[in-house]
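Undergrad: next comes the sequence, and after it the predicted model I'd like to discuss.
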Amino acid sequence: MPMQSEIILIIIISIVVIKYFVDIYLSKLEQKSLYFPIPDMLNDIYDSETIKKQRNYKLEHIRLSNLESFINFIVLIFVLYFGIFGKLDAFLRNQLKHSPISDYLVPITYFFIIGFAYKVLNIPFHYYSIFKIEKKYGFSNYTKKLFVTDLLKQIFVSIIIGLPLLIITLKVYFSLNQWFVPLMFLVFVFFIVFINYFYTTLILPLFNKLTPLPDEELKEKIKNYCEQSKFKIKDVYIIDESKRTTKANAFFSGFGKKKKIVLYDTLLKDFNHNEIIAILLHEIGHYKHKHIIKFILLSMLQIAFVLTILWLFLKFKIFSEALGSPYPSFHIGITAFGILYSPISFLESLLINQISRKYEYQADNFVKKFNHNQNLISSLKKLARKNYSHLTPHPLIVKLLYSHPPLKDRIINLL
């Protein structure tokens, strides 16, 4: 391996090592923060016995996450050090060299094998999380049959969406390389808009049954508030998420004629009408402040930047050589790029999380306009209690990783 390629490999391995130990450090901070004193305004969420269960629940998830991170770290270091990516590339090139479409088959097969290997490596941790930890604390309603069918559906959706996207990317890269950035920008923008527009119509029904809200009294109240806030929506939907979990949630998806407010069926069991309306007003607040559109525009800027850097990056053979391939390779180059770009991606996530936390405050403030702030506070506390939420996160972790403000800060803002 040329000296320059060795230097690149050392940089790649260094990034992986640094990221792992940063994650471990943050994990230690999270464990420490579990024992921070609970603010007075949150003292009514957990009793003394429940707080012990909540801490143990979080600790078990942290330990499992640490073990998963360690295994992934060891495997990735092994793969990088012994040039497995390059060896896989060489094997596929040799096996598929007689195919008239080998330029496409090699990267497609490469990404399939890497994706499949990663999925297989992490399935045991996901299984343990659901059937050992979540079941132990009374959250999981999963059956083994549902676990398998969900997994197969996830793989199916990944292939249906990912394969055409990969083929288009390869076609543009090989045939229209000088137009790679603008053409792929348009492709990815279409993809993002399409997913946001049709998520609740095409994807969500594969995993959940959507039904209109059956409570006519609640539905009428919701429609009245929608009219007051000038929010046009045909219906509010319930999804049967109780077949997976006892935890509660709600979300807003889509835009235009496809916008929907979706409630977990678990939400209806434990929340009164005013609390549900407060949650819905929060979701409407996101729409009224155009947060989905703003995030799509922000994603477009990210895509344009990443595609430009990637296009320049793939011109250099040195990055493929660093991962053990003697050929300038699209798929090996993307693998190297994914690791080398991760520090920049982390910085981008800091900005996105900061913006997201700001947007949560704006959506909460929208609820205050309708004098439902106390109902929102009540619902947030119930959600925290029902989901075993962490009430005293470390300030550094909040700044680095949280897309939502901590519960205490949201309540202070709502008062």
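TA: Arrived safely.

Undergrad: going by C-alpha atoms from here, please, whenever you check contacts or count neighbours.
TA: Fine.

Undergrad: following the biggest helix by length in the chain, which helix or strand comes up?
TA: Longest helix in the chain, counting residues (DSSP state H): helix 48-81. Next in sequence after helix 48-81, counting helices and strands by DSSP states H and E, comes helix 84-95.

Undergrad: now the angle from the helix or strand following that next one to helix 48-81?
TA: Using DSSP H and E, the helix or strand that follows helix 84-95 in sequence is helix 102-128. Orientation of helix 102-128 against helix 48-81 (axes from the mean of the first three to the mean of the last three C-alpha atoms, to 10 degrees) gives an angle of 150 degrees.

Undergrad: got the contact list for the next helix or strand after helix 102-128?
TA: Beyond helix 102-128 in the direction of the C-terminus, DSSP H and E gives the next helix or strand as helix 135-136. Helix 135-136 has contacts (C-alpha atoms under 8 Å, 6 or more residues apart in numbering) with Asn141.

Undergrad: quick one: the following helix or strand past helix 135-136 to helix 102-128, angle?
TA: Per DSSP H and E, the first helix or strand lying C-terminal to helix 135-136 is helix 144-175. Orientation of helix 144-175 against helix 102-128 (the same axes, to 10 degrees) gives an angle of 150 degrees.

Undergrad: now helix 144-175, how far from the chain's geometric center?
TA: Here helix 144-175 is found 16 Å from its chain centre; the criterion is C-alpha atoms, centre = their mean, to the nearest Å.

Undergrad: what's in contact with stretch 91-108?
TA: Contacts to stretch 91-108, defined as C-alpha under 8 Å, 6+ apart, come from residues Asp89, Thr109, Tyr110, Leu163, Leu166, Ile167, Leu170, Phe330, His331.

Undergrad: burial count for the second one?
TA: In other words, Thr109. As a burial measure, Thr109 scores 16 neighbours (other C-alpha atoms under 10 Å).

Undergrad: got a pLDDT number for the closest residue to it other than its chain neighbours?
TA: Nearest residue to Thr109, sequence neighbours excluded (C-alpha to C-alpha, 6 or more residues apart in numbering): Leu92, at 7.8 Å. The model reports Leu92 with a pLDDT of 92.

Undergrad: now swap in Tyr287 and tell me
TA: 86.

Undergrad: that one: which element?
TA: helix 273-288.

Undergrad: pull that helix out as CSV, backbone CA atoms only.
TA: Written as CSV, here are the backbone C-alpha positions of helix 273-288 (Å, rounded to 0.1, in the frame of the first residue of the first chain):
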residue,chain,number,x,y,z
HIS,A,273,-59.6,14.9,26.0
ASN,A,274,-57.9,18.1,27.0
GLU,A,275,-54.5,16.4,27.2
ILE,A,276,-54.9,14.9,23.8
ILE,A,277,-56.0,18.2,22.3
ALA,A,278,-52.9,19.9,23.9
ILE,A,279,-50.7,17.3,22.2
LEU,A,280,-52.5,17.8,18.8
LEU,A,281,-52.1,21.6,19.2
HIS,A,282,-48.4,21.1,19.6
GLU,A,283,-48.3,19.1,16.4
ILE,A,284,-50.4,21.7,14.6
GLY,A,285,-47.9,24.3,15.9
HIS,A,286,-45.2,22.5,14.0
TYR,A,287,-47.2,22.8,10.8
LYS,A,288,-48.2,26.5,11.4
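
Undergrad: contacts made by the following helix or strand past it with the rest, please.
TA: Next helix or strand after helix 273-288 toward the C-terminus (DSSP H and E): helix 291-313. Identification of contacts with helix 291-313 by C-alpha under 8 Å, 6+ apart yields 180-182, 184-185, 188-189, 192-193, 286, 333-334, 337, 359.
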